[in-house]
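Engineer: next one to model:
(2 chains)
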2 protein chains.
Amino acid sequence: MSSLDQVTQALAALSIKPTATISHAAANSPASWKDALSADISSPKSFELIKTIIYKPKTAKNATTVPVVVIVREETETASGALGKKLNLKELRLASEDLLSEFFALDKNSLSPIALNPTIFPKVTVVLDSSITLSEAVFAIHAGSSSDTVFISGKDLVSYLKSLETADAKVQEVDFAALKAEAAAPAASKLKDSSDKVPSKGENPIQIAIGAKKDEDFSAWYTDVSHFGVVLIKADMLDYYNVSGCYILKPWSYSIWEIIQRWFDDKIKALGVQNAYFPMFVSQKVLEREKDHIEGFSPEVAWVTRAGQSELEEHIAIRPTSETAMYPYYSKWIKSHRDLPLKLNQWNSVVRWEFKSPQPFIRTREFLWQEGHTAHLTREEADKEVLEILDLYRRVYEELLAVPVIPGVKSEKEKFAGGLYTTTVEGFIPTSGRGIQGATSHCLGTNFSNSNMFDIFVEDPNDPVGKAKIYVWQNSWGLSTRSIGVMVMVHGDDQGLVLPPRVASVQAVVVPCGITAKTTDEERKRINDKCEELAQSLRAADIRAKADLRDGYTPGWKFNDWEQKGVPLRLEIGPQDIAKNQTLTVRRDTGKKDPVSLEGLPQTVSALLEDIQKDLFIRAKETYQERVKAITKWEDLVPALDNKNVVVIPWCEREQCEDDIKERSARAAEPTDERAPSAGAKSLCIPFDQSKWDPVEPGKTKCVACGQDAKRWAMFGRSY
Amino acid sequence: MSSLDQVTQALAALSIKPTATISHAAANSPASWKDALSADISSPKSFELIKTIIYKPKTAKNATTVPVVVIVREETETASGALGKKLNLKELRLASEDLLSEFFALDKNSLSPIALNPTIFPKVTVVLDSSITLSEAVFAIHAGSSSDTVFISGKDLVSYLKSLETADAKVQEVDFAALKAEAAAPAASKLKDSSDKVPSKGENPIQIAIGAKKDEDFSAWYTDVSHFGVVLIKADMLDYYNVSGCYILKPWSYSIWEIIQRWFDDKIKALGVQNAYFPMFVSQKVLEREKDHIEGFSPEVAWVTRAGQSELEEHIAIRPTSETAMYPYYSKWIKSHRDLPLKLNQWNSVVRWEFKSPQPFIRTREFLWQEGHTAHLTREEADKEVLEILDLYRRVYEELLAVPVIPGVKSEKEKFAGGLYTTTVEGFIPTSGRGIQGATSHCLGTNFSNSNMFDIFVEDPNDPVGKAKIYVWQNSWGLSTRSIGVMVMVHGDDQGLVLPPRVASVQAVVVPCGITAKTTDEERKRINDKCEELAQSLRAADIRAKADLRDGYTPGWKFNDWEQKGVPLRLEIGPQDIAKNQTLTVRRDTGKKDPVSLEGLPQTVSALLEDIQKDLFIRAKETYQERVKAITKWEDLVPALDNKNVVVIPWCEREQCEDDIKERSARAAEPTDERAPSAGAKSLCIPFDQSKWDPVEPGKTKCVACGQDAKRWAMFGRSY
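Structural biologist: Here you go, the predicted structure:
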């Protein structure tokens, strides 16, 4: 009997008749579930999804774990901290996949209230969103698998759960809206600081706040799709898409990419780089030309095998990167040393069909990037360019995104597949204590140009006979939308995104305040007009400013909205401000409030924005510096990692030693959360600037990991 | 026995032993042939391709056709006009596929000298490139199919051909370099006009000129890959790619796209449009949601079915356009009238796997474009935007590309699949007399937003109860890199490309002249420095100028090079110019030469560039106007088309009538060239501006095609 039939039968036993039951494509997110249901004509015209979340409370050793099963409407925000307090349970954490399969024999996508049965019910704490019991909506519930759904009323859902109750085990109904309001009270009172002039300020912040705390549940804060309060969604940066591992870049994030593009494009053009566009398709033969290279990429290549109704004779790859697609043409175009240097770049998307779990911006199956591919006559020229480009990448991170990075060279194990050496700028995410690769600039040497490969050569201009072949020196370098994800992770906070002014598409928002029910239309217009006038005066000074004159929203709602979206500076304008010819400025990064005169406002705002940009960078840089721990004894290494640091060690630079470090530094303790860092430490880079640490003395300084002679200080860490 | 074995045997009979024989992927172009050969390790280290071209001379009626088989080196340019004269044959045209299969039972990709045998040889005229007989190279020759190749020496190739000779039929050896020099003589003498001061000017123009004349063989001029003198290759606009139907956009063409992008992007942002990025992948279910729409696109959709070694459970399409990929999210994002209008745009590439023969820029399997997708509360708003965007498209063509277009609305038959109505700007290619669609702006109505489709609605803000649903009005609009192809076809000439100044990445090139063997190093430096100084002064005035100081090339070679690339203005600087404080300006479009003072040069050059821009547009506009023939009698219609016009007729606007017109206007005569226009006329658009023609009187004016009541004047023509 199918799980769907079993469920129908169980419901029938309680005289519950589903509105509909359907089978559909397996859903791995609420969005894809909703899509699958909407696509089926048997689905009810309107319905809501039921979200089932399992938390594991912190439990004393040897005590039995009693998971908390939370059954809520799709849109309900579950404040795990407040819920724990209410239930008198410590540190509710999202349960691991192991726990789910142990208790329910289900993965997280298949979970549903129906998974509760007389056996399981007494072993768990069941929490029900009280608004479900009152709702007239039809609810969609998974029936034993993520590809089966039954639709039932809220009343029937409650009946089902009540039928499982025993004397000791009852369903606990919770009013999450009220719970959230309590939890948010301090935040609301903080907002009240300036509420003397704005009666409605701070109204309803609870319905719009971020649902997860950055320090408590970083993964949920950043991405977890079951949390509808995550920073990326709330900030309107992206939306989930119904092809797994792909995301929609909404204007709020795409505009950041446009700013990065414009800046970097100008810089590389000044270096003589030209833009071009190569097709996204690569023939199998060409793709597989370089063996090391293809070994690095082939497990992730997406293949087109069919067009319309025709099977293609030769399967065609979608580029994972373009070296092998481009270089046959470099071979054709480069005939003489006069054709060098050849410096091309393209802004495009590439596809790497990773099977690891995707993460928006950080690991996605399609991503946007630029890839530069250059050819040079000499190694000196190639080496020089590698570093010039790397420094531009550093500047994108540090000067635009206010994210500090450490430039260095990758170990042999971590270098670009098929290349000669790889340089990198390495970032750091304090909240997870993990390193993250920012962007890489590779020297390919003559590994791709040599006669066995793409045969790209010129005759030596300095050879008197002019017949000696010089195989060209090649570089490739890329920066992707991952940079945006790093920026979000570094600067975001519990209120949402924090945007550095230089990449914010709205740098300052002007919000009208002090409008109440008693305000006359004329007065309202006067305040709104003043806001628009100020925004215009700022725009005239090249500040990206906007007046938020939306009707029907309170100032408090607007404050929250722009805070979530990370707008660097807010200007509040009420009747008293106008009277005093001033405005209240509120910094997004520090929350600091200052009344400033409307005289010379553009200059004041420009200066404030520069301060914010600088301060964001300085704070992040100080944190990074504190969290790069110089380690000289192996015993100190894993504890440092466990304390959310990365480390630098004198290192022998042997691949075998690198493998050993990874294995020995894997977290011994069982992970309490499926998404918690557990992998061992990888080498992140060998920093160019070695001057911060004691000099490595040849033959004397030993590798911290293996005791052999150390060569240089190398940075290791858990990473993305 | 395989064709390869047969060939080997035939050669063996003459004691000819091939250097190598290999089988490979079928080659449909010299580039793919070369790639296939290079990829095979059995191929000789270096070799040349043999190009075999079949011409059909104009022959008296009833006379037997004697095709001309021209066997040349890959790089040899065959001047068909001059060759005809030499052979005393009239109007050599490339032979049709029919002729090829009749004589050789081969398609044009498989043709080779080996296809000549004792039966065929006497029936054709065989012309051999005399340089082959003298060459020491190894030559690649197809052996009976485009996927088999034998490598033999030039000497052996001659032996083979000689073995077929009879008393009446001999191989004719032709020195094509000499032939071309004779043909080019007038052009060379034209260049000599200014040679009084530049001894080396005009040197060797023959080796670098475009190989085909625009008026004589337009198709070859634009694209034919077997002609290595084609305008697109010579101008360095693109290169052929080893995935059929895909092309590499080189910086010279991509820079034009960048200029179009920047201009259009600024304009739409001023209209409140924001950029975003949706994934390139679309799930099958979502793609197939709108039936009319998918019927229009499904034969051309490319499918990803495999990733790494894993077969995908659900096949995933690469977007042919993004309506169905985006609109499920529009449904999610649009909750209230306050969310309207929603105006998103993306700059991306789309894939339409057409099986018709591809043409660079005009019909390619992957192409770059922008696609705008907007949603509005009212039809009025949507209608207004459709026209605003269309006018921006008109301006891209007319103001940037100097290409005149006629704005209008498409017939029901030609509108966007699934949309409500389609507006278009229609261009015209005088050389072929064909219309070409420039860009389209669609109103989708509520066809995609309705409840059976994507269900995108808001509650009516004007409904007192506020519950009435309004399905949103949607538009979509797109402009692609096709625009670049239209520009090339309209302005290019026999010297190569002609770029309108506003889209030229180099608007003015400064070429040092008068440097001879006797010139001292000091004098050479003085002239070069002056060129660089002038280029810098122009750049300081925002003119995209460049000094061509390349060593080792004569001024004549440089003139030709920049003429082929279409640079609008050339400035020549020699010792006498410096003495007179002047420079000779040479317009690319007219060839007009004027000495101008170096005083105020930036102003002079700016004005000249504006003149060139204006003149290009005026000339093209006059031509278009002359070639839109108002037709009021059916008998005049086909002759007008045959004379390379498009027509406007009073039309009934019925689809049946449109089908009839297409059928009845198909060219009756057998095409003399496989690529010549032969299709019937399609409706191009119903022009918005009807005022140029006699008013259509309801009930009186009849449709020219069917005699029923006419509604409006409609433009018909053969098209791309």
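Engineer: mind jotting down where the strands sit in the stretch 401-550 of chain A?
Structural biologist: Secondary structure of the stretch 401-550 of chain A (DSSP state E, counting those that start in this stretch): strands at A:406-409, A:421-429, A:434-445, A:457-459, A:469-471, A:473-480, A:508-512, A:545-547.
Engineer: in its sheet, what does the second one sit against?
Structural biologist: Same thing as strand A:421-429. Looking at strand A:421-429 with DSSP bridges, its partner strands are strand A:406-409 (antiparallel), strand A:434-445 (antiparallel).
Engineer: which of those is buried the deepest?
Structural biologist: Each of the strands paired with strand A:421-429 was assessed for mean neighbour count using mean count of other CB atoms under 10 Å in any protein chain shown. The highest is strand A:434-445, with a mean of 24. The way it works is simple: take the backbone N, C-alpha and C, and place the C-beta from them, glycine included.
Engineer: what is the mean pLDDT for that one?
Structural biologist: Regarding strand A:434-445, the rounded mean pLDDT is 97.
Engineer: now swap in stretch A:268-285 and tell me
Structural biologist: For stretch A:268-285, the per-residue pLDDT averages 96.
Engineer: A:K34 belongs to a helix?
Structural biologist: Yes. When the secondary structure is assigned by DSSP: H, G, I helix; E, B strand; the rest coil, A:K34 falls within a helix.
Engineer: ok, now which ones touch A:D175?
Structural biologist: By CB atoms under 8 Å, 6 or more residues apart in numbering or on different chains, the residues touching A:D175 are A:130-131.
Engineer: can you name the residue of the stretch 401-550 of chain A nearest chain B?
Structural biologist: Going by CB to the nearest CB, chain B is nearest to A:R550 of the stretch 401-550 of chain A, at 6.9 Å.
Engineer: hmm, that residue is touching B:R338, no?
Structural biologist: Yes. Counting by CB atoms under 8 Å, A:R550 touches B:R338, with 6.9 Å between them.
Engineer: where does the prediction get shaky in the stretch 401-550 of chain A?
Structural biologist: Within the stretch 401-550 of chain A, the set of residues satisfying pLDDT under 70 comprises A:466.
Engineer: tell me the pLDDT at the closest residue to A:P650 other than its chain neighbours?
Structural biologist: Closest residue to A:P650 in three dimensions, ignoring its sequence neighbours and counting by CB to CB, 6 or more residues apart in numbering or on different chains: A:A710, at 3.5 Å. In this prediction, A:A710 carries a pLDDT score of 97.
Engineer: contact residues of the stretch 151-300 of chain A facing chain B?
Structural biologist: For the stretch 151-300 of chain A, the residues found near chain B under the criterion CB under 8 Å from any CB of the partner chain are A:239, A:241-243, A:246-251, A:254-255, A:257-258, A:274-283, A:285-286, A:289, A:298-300.
Engineer: selection in PyMOL covering whichever of the residues you listed are buried, please.
Structural biologist: This is the PyMOL syntax for the buried subset of these, where burial follows 16 or more other CB atoms under 10 Å in any protein chain shown:
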select buried, chain A and resi 239+241+242+243+246+247+248+249+250+251+254+255+257+258+274+275+276+277+278+279+280+281+282+283+285+286+289+300
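Engineer: in helices, which of the residues of the stretch 151-300 of chain A next to chain B fall?
Structural biologist: Here DSSP state H is the test, and these give A:251, A:254-255, A:257-258, A:285-286 as lying in helices.
Engineer: and the one residue in the stretch 101-250 of chain A that gets nearest to chain B, what does it touch?
Structural biologist: The stretch 101-250 of chain A approaches chain B most closely through A:C246 (3.7 Å), counting by CB to the nearest CB. Going by CB under 8 Å, 6+ apart, A:C246 touches A:364-366, B:279, B:281.
Engineer: could I get the pLDDT score of it?
Structural biologist: 94.
Engineer: same check on the one 3 residues further on?
Structural biologist: A:L249 is assigned 97 on the pLDDT scale.
Engineer: which residues sit in contact with the nearest residue to it once chain neighbours are set aside?
Structural biologist: With CB to CB, 6+ apart as the measure, B:Y277 is the residue that lies nearest to A:L249, at 4.1 Å, once sequence neighbours are left out. Applying CB under 8 Å, 6+ apart, we find B:Y277 in contact with A:248-249, A:254, A:257, A:368, B:346, B:348.
Engineer: kindly reformat these as JSON lines containing distance to A:K621.
Structural biologist: Below are the contacts of B:Y277 laid out as JSON lines (distance: CB to CB, whole Å):
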{"residue": "A:I248", "distance to A:K621": "32"}
{"residue": "A:L249", "distance to A:K621": "28"}
{"residue": "A:Y254", "distance to A:K621": "27"}
{"residue": "A:W257", "distance to A:K621": "24"}
{"residue": "A:L368", "distance to A:K621": "27"}
{"residue": "B:Q346", "distance to A:K621": "35"}
{"residue": "B:N348", "distance to A:K621": "36"}
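Engineer: keep only those of these that are in strands.
Structural biologist: In strands, judged by DSSP state E, the following of the contacts of B:Y277 are found: A:248-249, A:368, B:346, B:348.
Engineer: which positions within whichever helix or strand A:D98 is part of qualify as buried?
Structural biologist: Assigning secondary structure by DSSP states H and E places A:D98 in helix A:97-104. Counting neighbours by 16+ other CB under 10 Å, one finds that the buried residues in helix A:97-104 are A:99-100, A:103-104.
Engineer: direction included, what does the helix or strand following it pair up with?
Structural biologist: Sequence-wise, the next helix or strand downstream of helix A:97-104 (DSSP H and E) is strand A:125-129. The sheet places strand A:125-129 alongside strand A:68-73 (parallel), strand A:172-174 (parallel), with pairing taken from DSSP bridges.
Engineer: winner for burial among the ones you listed?
Structural biologist: A comparison of the strands paired with strand A:125-129 by mean neighbour count, using mean count of other CB under 10 Å, puts strand A:68-73 on top with a mean of 22.
Engineer: got a pLDDT number for A:V225?
Structural biologist: For A:V225, the pLDDT comes out at 44.
Engineer: near chain B, which residues of the stretch 501-650 of chain A show up?
Structural biologist: A:550-552.
Engineer: test my guess that A:E290 contacts A:N452.
Structural biologist: No. In terms of CB under 8 Å, A:E290 does not count as a neighbour of A:N452; the distance is 9.6 Å.
Engineer: with respect to chain B, which of the ones in helices among the residues of the stretch 151-300 of chain A next to chain B is nearest?
Structural biologist: The shortest separation between chain B and any of those is 3.6 Å, and it belongs to A:P251 (by CB to the nearest CB).
Engineer: now for the residue nearest to A:S112 when sequence neighbours are not counted, how many residues are close by?
Structural biologist: Taking CB to CB, 6+ apart as the measure, A:S112 lies nearest to A:H142, with 3.9 Å between them; neighbours along the chain are not counted. Using other CB atoms under 10 Å in any protein chain shown as the criterion, A:H142 is surrounded by 25 other residues.
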